[in-house]
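> Sequence below, structure please.
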Amino acid sequence: MLFKTDALKGSRVLVTGGSGFIGTHLIRALRECGVREVVNIHRGNKAIDHMAGIVDVVCDLSLPESKERVRDLGDIDYVFNLAGFTDQRMPHPNPHELIRANVVTLSNLTQGLNWSAVKSAVHVGTAAEYGTQEVPFCEDMAVEPTNAYGWSKAAASMYAVMMTRGGFAQWRVVRQFTGYGPGHTAGFVYDVTRALKRGDDFVVNPASVTRDVIFVGDTVEGMLRAALAKDARGEIVNLCSGKEITIGEIATLIHQIVGTGTIRLVEREPRKGDFLRSVGDTKKMERVLGWRPSTSLEEGLRITIPTI
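Take a look at the predicted model:
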């Protein structure tokens, strides 16, 4: 069920990366909240399915001239920045591209917006910024990413906080943990489900790796709540379930729901830089947003699996 609030009714909202997995769910939720208009900035590779009140703007925010394009949009009430690249290869063949996509885009967007009109802006970070530290991951930890993607996202988060606490912007940062849901055509849940539906044998290796998974509906609700929470301004807040589960357990649950194929759980020695454990601390999220995710893993999988 989509989160709805009258607080956004009649507003004009800018979404970057709105054609992606989370972005499409966010835009649907914004329309349900009665926003007047959603401006969806994307690079032209994928426009969102047509809906009333959606304005598609093709613009590469990594280019210097994009600042003027953003200014030409006029006054915006709320901003959600989901633009960027997700590529966790290590070593990365082109780290400059990650900086351009994840940091420069945010800087150009920030410089182009009329902040006197913006009520709130949400930048979406990632749990990869924490790296391989002791769990649970808390927002006041120093960042220690293990790959170029994590470092580029950490740099973007720090930029958003710096600009806001310096009085130049209205950003609040949400660090999303492992997401899944209808429409996601990548990731562990998608890969396991596709294999099992084909009747294949899926090998989970190493099965003891843990993740904190959050359903896309909860992610979107957390983003909307962050936009409206006064105490979130200039802060970083986890968007997580606070529950640690092995990927072997996730695969087994998917197998129970799908009912075909087989799961083989095996172990190997961890490699240097392996991201073995991930779970977020929910205390700040509960305090600042007054909320925590409500969709259980089984419930979320039963919604997601029929769509794959």
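> Show the contacting residues for the nearest residue to Thr5 once chain neighbours are set aside.
Take Thr5 and drop its neighbours on the chain: the residue closest to it by CB to CB, 6 or more residues apart in numbering is Cys33, 5.6 Å away. Any C-beta I mention is one placed from the backbone N, CA and C, and that applies to glycine too. Contact analysis of Cys33 by CB atoms under 8 Å, 6 or more residues apart in numbering lists Phe3, Lys4, Thr5, Asp6, Ala7, Leu8, Lys9, Leu224.
> Low-confidence stretches in the stretch 51-200 of the chain?
Scanning the stretch 51-200 of the chain with the threshold set as pLDDT under 70 gives 51.
> do that again at 80, thanks
Within the stretch 51-200 of the chain, the segments meeting pLDDT under 80 span 51-52, 85-94.
> got the residue ranges for the strands in it?
Here the stretch 51-200 of the chain has its strands, by DSSP state E, counting those that start in this stretch, at 54-58, 78-81, 120-126, 171-176, 178-180.
> JSON lines for those, including distance to Tyr159 and mean neighbour count?
Output for the strands of the stretch 51-200 of the chain, formatted as JSON lines (distance: least, CB to CB, whole Å; neighbours: other CB atoms under 10 Å):
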{"stretch": "strand 54-58", "distance to Tyr159": "23", "mean neighbour count": "15"}
{"stretch": "strand 78-81", "distance to Tyr159": "11", "mean neighbour count": "25"}
{"stretch": "strand 120-126", "distance to Tyr159": "9", "mean neighbour count": "25"}
{"stretch": "strand 171-176", "distance to Tyr159": "9", "mean neighbour count": "26"}
{"stretch": "strand 178-180", "distance to Tyr159": "23", "mean neighbour count": "22"}
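> follow-up on the earlier one: got the phi/psi numbers for the residue nearest to Thr5?
Main-chain torsions, Cys33, degrees, to the nearest 10: phi -80, psi 0.
> Spit out the contact partners of Ala155.
Applying CB under 8 Å, 6+ apart to Ala155 gives the contacts Ile99, Asn102, Val103.
> Kindly provide the distance from it to Pro145.
10 Å (CB to CB, to the nearest Å).
> Give me the most central residue, the protein.
Centroid check for the chain by CA atoms, centre = their mean gives Gln176 as the closest residue, at 4.8 Å.
> rewinding a little: among the strands of the stretch 51-200 of the chain, which is nearest Arg28?
Comparing these by their distance to Arg28 (CB to CB), the top pick is strand 54-58, with 10.0 Å.
> contacts for the closest one?
Against strand 54-58 from outside (CB under 8 Å, 6+ apart): 27, 31, 37-44, 47-48, 69, 73.
> Compile these into a markdown table and extend it with columns for distance to Arg302 and neighbour count.
What follows is the contacts of strand 54-58, written out as a markdown table (distance: CB to CB, whole Å; neighbours: other CB atoms under 10 Å):
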| residue | distance to Arg302 | neighbour count |
| --- | --- | --- |
| Ile27 | 24 | 24 |
| Arg31 | 25 | 17 |
| Glu37 | 34 | 17 |
| Val38 | 29 | 24 |
| Val39 | 34 | 19 |
| Asn40 | 30 | 23 |
| Ile41 | 34 | 26 |
| His42 | 31 | 22 |
| Arg43 | 34 | 16 |
| Gly44 | 35 | 11 |
| Ala47 | 30 | 14 |
| Ile48 | 26 | 18 |
| Arg69 | 42 | 17 |
| Leu73 | 40 | 17 |
